[in-house]
Every structure is written in C-alpha cells, then in structure tokens.
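Novice: how would this look folded up:
(one chain, ligands or ions: 1)
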Amino acid sequence: MYEDMILYKLANKINIFKIITASIFLFITPLQASSSSDLNKIRTSYDEQSKKLRIVFDSNKKINYLVKDSSSNYIKIVFTNIKISKSFQNPKINNRYIDTLKVSRHKSNLHFSLKSKRNFKYKYFSLNPNGKYGYRYVLDITMSKISSNNSIDNTPKKIKKTKFVIAIDAGHGGKDPGAVGRGGTLEKDIVLSISRKLYKLLKKEKNIKPVLIRNKDHYISLRQRIKKARSNKADLFISIHADAAKNRKARGSSVYVLSQHGASSEAAKWLANKENSADLVGGVSIDDKENTLAQVILDLSQSATIETSIKASSILLSKLGKISKLHSKNIGQAGFVVLKSPDIPSILVETAFLSNSKEEKKLRTKKFQNNIAKALRDGIIEIIKKGII
Ligand SMILES: [Zn+2]
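Specialist: Below you'll find the predicted structure:
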C-alpha cells in the first residue's frame, strides 16, 4: 500500500467510463495569428448504430488539405497554411475506438492523425459557409466490426498475437518491506511468493510470456518497475500487494487502476523528461512537438489505457471474488505511481490485509497464495480471450 493514495471509490463501472470519457478533452493553446486560415474549432459526433465518427474542422477560410497517409486503421491529414486561432475551443473527443489522436504544428501546417482500435473506412469533403457555419472540412470515419487486430466482436476466433507479455510486479522489496503484519509477516515476502507462483502458472500457457519485475528481495524504484515492463514490451502490468489499514478488522481483496487525476499530472512529468518522452505513444516521437500538443497525445493515450485497465481489472476482481472475500466490489482508482505507464494497461491487486491477523495467517499459507495466483491466472486468460489487451 502506498501513502500517497487518493482513493476514489466509484459506484460502478459505468460511472468510471462516464468520468473518463467526459474528461478527454483536447487542450490546445492558441498559436500565433497570421494571414493564413485559422482553425477555430474541431467538433466531433459519433453515431453508435452506424459506428460513424464525424470530425468537423471549422475555419475562417477555405481549408487546404491533403491525406498524407492512411491504412486500415490509421489516417494522417496535413492541413496547409493554417494556424490554430485564438478563439479555438477545446473539442470533446468521446469515442472508445480511438487509440491515438494527434494534432501537431509543423511550421505553417497542422498535422492531424488518428489511429483507431478498429479498422475503418473514411470519407472527407469540404463545405462552404452556410448559415452560422463558416468553412468546414469534414472527415467521416466509419468503424468496421472488425477490430484492427482482426479479432471479431464477441467472437474471439483469432488470437491476434502469439504471445502476450504479462509483467508481474511483486510490490516493495529490499529496504522497503511494505506492510508489516502483527506476527512479523512482511508484505514484500508474501507478494514475491505469490508472484513467483503466478509466473509458474502463466509459463504453462503457450500464448503467454510472463515476466517477473523482481525475482529476489531487492529494492526497485517505482519508475524502474515501469521501465522494466516497457522494455519487455508488456501487454499488461499487474502489481501484487498485501493491504494494511488502521482498522484491524478490514479484510479482503481489492483491485486498483490509475485515476484520471493521477494520469493528467503524470503526463506532465513524462513530458519533463525528454528521454522518456521519445518513445511514449506507440513509438511516435513527440519531442519535436509543442508541449501542449504533446500533452494532448499523452492524455488521450493514457485515458484509453485506463479504460482497458478498468475492463481487465473487473475480470480479475470477479475471479478474486470466487476465492476470497472482497474488500470492495468496486474497482478503486488511485494515483499509484507504479500504474502510470501511459501505454500499458496496469492493475494493482491488494490480495488481503496483513493488518488483519486472520488474513495475515492466511497470506502465509501456500494454499491461499496458490489460490490467489490461480485466480489471477484465470483472469489473465479471460482478459486475453476477450481481446481486452
Ligand atoms: Zn504494498
């Protein structure tokens, strides 16, 4: 358990999604005005039935554009001789199929790119002023039912990848013992033992490559843990812990994902570190972009990652509920540093309470440790089968 935890217990999963989608805004600062056309606004709308996403770019003059690049789930458009106007309003992007969306300035041009989790077809056209609207460039994107990794809705026929890399992070270690039970049990020992058991179980699965972030009793900083997961190209990061609370009766398992609040400030931290920022979003370098624009890219990417983490964690929570009492039936959201990879879905599991003497005893048993490891394994298998990661 971490000290800096700000916990938001949310009533249910749907609420979490609402909060996340509502908080995905583009924050673009106005750039210098000039005689070129001004981008005043980007508006989006989405029709769930037809799966059509419409993106409208509003300008004071005719917009010159060219489609620079496109593939089955990617499009890049270059708008030439255009600036972001002073009156530019932050658009709300509310679409779960968007993987990354970028707007960046390159001299007098603006580059717009969109990568989707689904394959899509697109159409575009320009419109002249009409009524309250000025010049518009309209991009219509129709998402296909096939996801961009070729798995089909609700029918996990194909596994897109041959190996899913699961990073198993035993919390604490070395000089950091984590929580300490009244009987002297150290969190770092229990969680390492559970992590090793989980590793062995996952190793038997042919489509899973487990990676232990630590495999001995040594200290690793939280940033190092993220780094190790990233260097192993982890598809999912699971940090394993044992809880502690002042209330000695507190008991049961719980799962956490990163809160959006934590994500926003983290994006700024990543940006402060150019070394880290170079390979952040799907290999897209952001170091040559405006910082504010880069911030947009990161926030969107992390929002998508959190959404995936929530889906994955609800499966883990239900598996844990079968073998252990749940401390909370809801997914917690908190500003855990170790969950802050912008692009790896990350979940923190509090297995049980070391501060509860009954649970301390239980945590020491092989049986309980095995049960936790098996529940997590079953959850991970289901997460992969459902195409969540
Ligand atoms: Zn801990």
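
Novice: hey, where'd the strands end up in the stretch 51-200 of the chain?
Specialist: 52-59, 64-71, 74-80, 82-89, 98-106, 109-116, 118-127, 135-147, 164-170 (DSSP state E, counting those that start in this stretch).

Novice: which stretch among those comes nearest the ion?
Specialist: strand 164-170 (9.6 Å; CB to the ion). Every residue, glycine included, has its C-beta placed from N, CA and C.

Novice: thinking again about what came up before, among the strands of the stretch 51-200 of the chain, which is the most enclosed?
Specialist: Among the strands of the stretch 51-200 of the chain, ranked by average contacts under mean count of other CB atoms under 10 Å, first place goes to strand 164-170 (a mean of 26).

Novice: one step back: is it possible to get the strands of the stretch 51-200 of the chain out as TSV so that each row also shows distance to the ion?
Specialist: Below are the strands of the stretch 51-200 of the chain laid out as TSV (distance: least, CB to the ion, whole Å):
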stretch	distance to the ion
strand 52-59	41
strand 64-71	42
strand 74-80	39
strand 82-89	43
strand 98-106	31
strand 109-116	35
strand 118-127	37
strand 135-147	35
strand 164-170	10
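
Novice: Let me have the ones you listed in a markdown table, adding distance to residue 356 and mean pLDDT as columns.
Specialist: Converted to a markdown table, these look like this (distance: least, CB to CB, whole Å; pLDDT from 0 to 100):
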| stretch | distance to residue 356 | mean pLDDT |
| --- | --- | --- |
| strand 52-59 | 49 | 87 |
| strand 64-71 | 53 | 81 |
| strand 74-80 | 50 | 89 |
| strand 82-89 | 51 | 76 |
| strand 98-106 | 42 | 77 |
| strand 109-116 | 46 | 85 |
| strand 118-127 | 45 | 86 |
| strand 135-147 | 42 | 82 |
| strand 164-170 | 21 | 97 |
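
Novice: could I get these as JSON lines with distance to residue 344?
Specialist: Converted to JSON lines, the strands of the stretch 51-200 of the chain look like this (distance: least, CB to CB, whole Å):
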{"stretch": "strand 52-59", "distance to residue 344": "26"}
{"stretch": "strand 64-71", "distance to residue 344": "23"}
{"stretch": "strand 74-80", "distance to residue 344": "21"}
{"stretch": "strand 82-89", "distance to residue 344": "31"}
{"stretch": "strand 98-106", "distance to residue 344": "14"}
{"stretch": "strand 109-116", "distance to residue 344": "17"}
{"stretch": "strand 118-127", "distance to residue 344": "21"}
{"stretch": "strand 135-147", "distance to residue 344": "19"}
{"stretch": "strand 164-170", "distance to residue 344": "7"}
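
Novice: Skipping its backbone neighbours, what lies nearest the residue of the stretch 101-250 of the chain found nearest the ion in space?
Specialist: Using CB to the ion, residue 241 is the residue of the stretch 101-250 of the chain that sits closest to the ion, at 3.4 Å. Closest residue in space to residue 241, ignoring its immediate chain neighbours: residue 171 at 4.2 Å, by CB to CB, 6 or more residues apart in numbering.

Novice: so what's the one you found scoring on pLDDT?
Specialist: pLDDT, residue 171: 94.

Novice: and if you look at residue 177?
Specialist: As predicted, residue 177 sits at a pLDDT of 93.

Novice: right, and it touches residue 190 too?
Specialist: No - using CB atoms under 8 Å, residue 177 makes no contact with residue 190, being 10.5 Å away.

Novice: the more surrounded of the two?
Specialist: Higher neighbour count among residue 177 and residue 190: residue 190, with 28 against 14, using other CB atoms under 10 Å.

Novice: Tell me how far the more buried one lies from residue 336.
Specialist: When distance is defined by CB to CB, to the nearest Å, residue 190 is 19 Å away from residue 336.

Novice: Please apply the same query to residue 371.
Specialist: Distance, residue 371 to residue 336, using CB to CB: 24 Å.

Novice: now swap in residue 125 and tell me
Specialist: Distance of residue 125 to residue 336, given as CB to CB: 46 Å.

Novice: which residues does residue 38 contact?
Specialist: For residue 38, the contacting residues are 59, 60, 61, 82, 83, 84, 85, by CB atoms under 8 Å, 6 or more residues apart in numbering.

Novice: Then residue 323?
Specialist: For residue 323, the contact set (CB under 8 Å, 6+ apart) comprises 371, 372, 374, 375.

Novice: Switch the residues you listed over to TSV; also include distance to residue 100, secondary structure and neighbour count.
Specialist: Putting these into TSV (distance: CB to CB, whole Å; DSSP: H, G, I helix; E, B strand; the rest coil; neighbours: other CB atoms under 10 Å) gives the following:
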residue	distance to residue 100	secondary structure	neighbour count
371	39	helix	19
372	35	helix	29
374	35	helix	16
375	33	helix	23
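
Novice: re earlier: from the contacts of residue 38, which two are the most distant?
Specialist: With CB to CB as the measure, no two of the contacts of residue 38 lie farther apart than 61 and 84, at 13.7 Å.

Novice: all helices for the stretch 201-350 of the chain, in order.
Specialist: Counting by DSSP state H, counting those that start in this stretch, the stretch 201-350 of the chain has helices at residues 222-231, 260-272, 274-277, 291-323.

Novice: Mind telling me which of those helices the model trusts least?
Specialist: Of all those, the minimum mean pLDDT falls on helix 274-277 (a mean of 44).

Novice: How about residues contacting stretch 108-117?
Specialist: Applying CB under 8 Å, 6+ apart, the external contacts of stretch 108-117 come out as 34, 36, 39, 55, 57, 68-69, 73-84, 96-105, 141, 143, 147-148, 282, 304.

Novice: and if you look at stretch 204-216?
Specialist: The contact list for stretch 204-216 (CB under 8 Å, 6+ apart) reads 159, 161-170, 173, 192, 195-196, 198-199, 202-203, 220, 225, 228-229, 232, 234, 377, 380-381, 384.

Novice: Surely residue 315 and residue 382 touch.
Specialist: Yes - if you go by CB under 8 Å, residue 315 and residue 382 touch, sitting 5.2 Å apart.

Novice: more crowded one of those two?
Specialist: Comparing residue 315 with residue 382 by other CB under 10 Å, the one with more neighbours is residue 315, at 20 against 15.
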